[in-house]
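Asker: Got a predicted model here, sequence first, then my questions.
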Amino acid sequence: MSKYPDTVQFNGLNRPIGIEWSACNLEVQGSIPAEIDGAFFRAVPDPAHAPRDPADIALSGDGMVSRFRISNGAIDHDIRYVHTARFEAERKARHALFGKYRNPFTDMPQVQGVDRTVANTTPVWHSGRLLMTKEDGRAYEVNPHTLETVGSYDFAGMLRSQTMTAHVRVDPVTGEMFSFGYEAGGTCTDQVAYWIADKNGKLVSEQWFAQPYLSTIHDFAITEDYALFPLFPTLTDLDRLKAGGDKWIHEPDGDSWLGVMPRYGSVDQLRWFKGPKGVSAFHFVNAFQQGQTVHVDICLTSTNAFPFMHGPDDPFDPRTMKGGLTRWSVDLADANATLQSNVIGPPGDLPRLRDGDQGRAYTDFWMPCYDPRIGPPVVGGPVGSCFNCLLHVDVTTGQVKDALVLGPGVAFNEPVHVPSATTGHGGWLLAVIDYELDSEHHRSELMVLQADRISAPPLAVIKMPLALRPQVHGWWVSAAQLAAAKVGPP
Ligand code: V55
Ligand code: FE
């Protein structure tokens, strides 16, 4: 029998669990404010079978959808696999059939042409639908009440792109969802699809453009008038894939780019601005306009933070990697404008913005961060080391307003923000926190924090009866949104 590789990607916090479970009325220490009523959905990769590639990575793990349902101070938790075509095929075979991360040329012959996405990155909520996304394929629709998989989602047959990002942007005023997919025409194609779904989920425009190189475009950003596409020199290559090689290799001498176009305009209007060489980012906090200038705030690092996205000529070295919250700005009124890049805040990643601040000038946000003074990182997650504190960052000053530190041996997952209807009340953050008991044993809890005072004692702590695997992204869905859920054909 095959077994999971003895690597960081499958040990410790990354040990596969593979248990679908439900628990009602979990014990709450403290109390959950009654106004918190809704569901915290999380995407959790968990490889259901030992991989065929011994160097496989957590980003290949089969997507599970985890849901905390909170109502009247009570909380339930459910977690289920997304039944992708890949999951179904491998479950039937009782072993892995697909090969290396994002390399279809390494798959078994019997699954050539089968959708190989694992839907493990973000549970997106839009117009009443829950979509489990991963950037290498189309989303899978999941029933938000039962967590059953409905199927691959193509916007009622309207979508042409073969891929959809895990980082859509929903405009808080218009309710439109702005989205894109790179490699829209298939593996190693340079086409990027950019589309808009109206507030009812109807796809109203889809346009394709060519990117300057074959980079991984993990996230993008919108302002009230523009769509922004920052690109970084972590590139793929068809011949390398055909030879059984790695999907991504970072090029330290490569250029970064910022593409900007009117968000309701034509892709013919895209303007490309060159950024610093060799830098990398996966997540952007927000973008906004100030007159004719657009700004995008980026969790930027000096190189790609994933060790397995480095080639032999440029091995990953955590000691020399630098990072910081970085603002890229371009004056669109200037026909000869160049991109300005300024560090405006601390390093960190997995930023959480208030939904209502999307695309607008904003003052603050939250993100996990790794501070070496607290202690060594917990081993786990896709990069192999976890964040050990949570920051509340003021982007107007660049200062850390507040920080939650729980000591060494603690790993923070990405929080969600739950707004309050009370004027002047900052709402709450919900976050799963993992504690390392020893290198093979962990426990997890959900914390309910005051968003404006994250360092204050938590309002509630919910200890989980089973440890949870590291989450990628999450999404808060209010009770009113859940009540208006749509499932299946329009
Ligand atoms: C990321 C996550 C992915 C992936 C590529 O956060 C990039 C970055 C969970 O899957 O496939
Ligand atoms: Fe992401």
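Answerer: Done, it's in. Ligands and ions are numbered 1, 2, ... in the order given.

Asker: how near is the residue lying closest to Ser302 once chain neighbours are set aside to ligand 1?
Answerer: In this structure, Ser302 finds its nearest non-sequential neighbour in Lys322, 4.4 Å apart by CB to CB, 6 or more residues apart in numbering. Just so you know, the C-beta spots here come from the backbone N, C-alpha and C atoms, and that holds for glycine as well. Separation of Lys322 from ligand 1 (CB to the nearest ligand atom, to the nearest Å): 19 Å.

Asker: ok, now Thr216?
Answerer: According to CB to the nearest ligand atom, Thr216 stands 7 Å off from ligand 1.

Asker: where are the low-confidence patches of the stretch 301-450 of the chain?
Answerer: Residue ranges of the stretch 301-450 of the chain with pLDDT under 70: none are present.

Asker: Residue of it nearest ligand 1, please.
Answerer: Closest residue of the stretch 301-450 of the chain to ligand 1, CB to the nearest ligand atom: Pro382 (6.3 Å).

Asker: re earlier: next, the contact list for the residue nearest to Ser302, please.
Answerer: Thr301, Ser302, Pro347 (CB atoms under 8 Å, 6 or more residues apart in numbering).

Asker: Which members of these are classed as buried?
Answerer: Burial by neighbour count, 16 or more other CB atoms under 10 Å: within those this picks out Thr301, Pro347.

Asker: what about the longest helix that the chain contains, distance to the chain center?
Answerer: The longest helix of the chain (DSSP state H) is helix 85-93. Distance of helix 85-93 from the chain centroid (CA atoms, centre = their mean, to the nearest Å) equals 24 Å.

Asker: That helix vs ligand 1: in contact?
Answerer: No - using CB under 6 Å from any ligand atom, we find that helix 85-93 stays clear of ligand 1, coming within 13.6 Å at best.

Asker: can you pull the buried residues of that helix?
Answerer: So, applying 16+ other CB under 10 Å, buried residues of helix 85-93: Ala85, Arg86, Phe87, Ala89, Glu90.

Asker: Next to ligand 1, which bits of the stretch 351-490 of the chain? Give me the list.
Answerer: Residues of the stretch 351-490 of the chain lying near ligand 1 (CB under 6 Å from any ligand atom): Val472.

Asker: Give me the three-state assignment for the residue of the stretch 301-450 of the chain closest to ligand 1.
Answerer: Using DSSP: H, G, I helix; E, B strand; the rest coil, the structure places Pro382 in coil.

Asker: Contact partners for the nearest residue to Val487 once chain neighbours are set aside?
Answerer: Spatial nearest neighbour of Val487, chain neighbours left out: Asn143 (4.9 Å); criterion: CB to CB, 6+ apart. Residues near Asn143 by CB under 8 Å, 6+ apart: Leu130, Thr149, Val150, Val487.

Asker: Is Asn200 in contact with Ser127, as I believe?
Answerer: Yes - using CB atoms under 8 Å, Asn200 is in contact with Ser127, at 5.4 Å.

Asker: More neighbours: those two, which one.
Answerer: The neighbour count for Asn200 versus Ser127, taken as other CB atoms under 10 Å, is higher for Ser127 (19 against 13).

Asker: give me every residue that touches that one.
Answerer: By CB under 8 Å, 6+ apart, Ser127 lies in contact with Gly175, Met177, Ala197, Asp198, Lys199, Asn200, Gly201, Lys486.

Asker: mind redoing it with 10 Å?
Answerer: Shown in contact with Ser127 (CB atoms under 10 Å, 6 or more residues apart in numbering): 170, 175-177, 197-202, 481, 484-486, 490.

Asker: which among those gets closest to Arg373?
Answerer: Val170 (36.8 Å; CB to CB).
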